[in-house]
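Enquirer: next input, structure requested:
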Amino acid sequence: MKYEKSVYRSLTLITQFGINMLVPIFLCTMAGIWLGRKCSADWMAIPWFLVGALAGFRNIFIMAKRIYGGKKPPYGKEDADVKKD
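Expert: Next up is the predicted model:
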């Protein structure tokens, strides 16, 4: 039973990574295409695609940092848990 939970968690994590990467790319590319048609500049989709890719990488970096990095307690708090003899 525990094995199945870890598989489902892994699939959920992979799905979240994919969504966090694809949504900004898709939205920024669509915005670039729309702006390119409005301004008669078809090349506008390329920089907006790059902005979306950077935003997606940033989202994944932040998510991975939260999951795998762990946060350190604020200054002075790590000593509060240690019992002094």
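
Enquirer: pull out the buried positions in whichever helix or strand residue 34 is part of.
Expert: Assigned by DSSP states H and E, residue 34 belongs to helix 2-38. By neighbour count on 16 or more other C-beta atoms under 10 Å, the buried set for helix 2-38 is 17, 20, 21, 24, 25, 28, 29, 31, 32, 36. Heads up, the C-betas are built off the backbone N, CA and C, glycines and all.

Enquirer: now do stretch 62-72
Expert: Going by 16+ other C-beta under 10 Å, stretch 62-72 has no buried residues at all.

Enquirer: contacts for it?
Expert: Taking contacts as C-beta atoms under 8 Å, 6 or more residues apart in numbering, the residues outside stretch 62-72 that touch it are 13, 16, 17, 20, 78.

Enquirer: show me the shaky parts of the protein.
Expert: Applying pLDDT under 70 to the chain flags residues 1-3, 70-85.

Enquirer: 80 instead?
Expert: 1-5, 69-85 (pLDDT under 80).

Enquirer: other SSEs contacting the helix holding residue 34?
Expert: If contacts are counted by 3 or more C-beta pairs under 8 Å, 6 or more residues apart in numbering; DSSP states H and E, helix 2-38 sits against helix 45-64.
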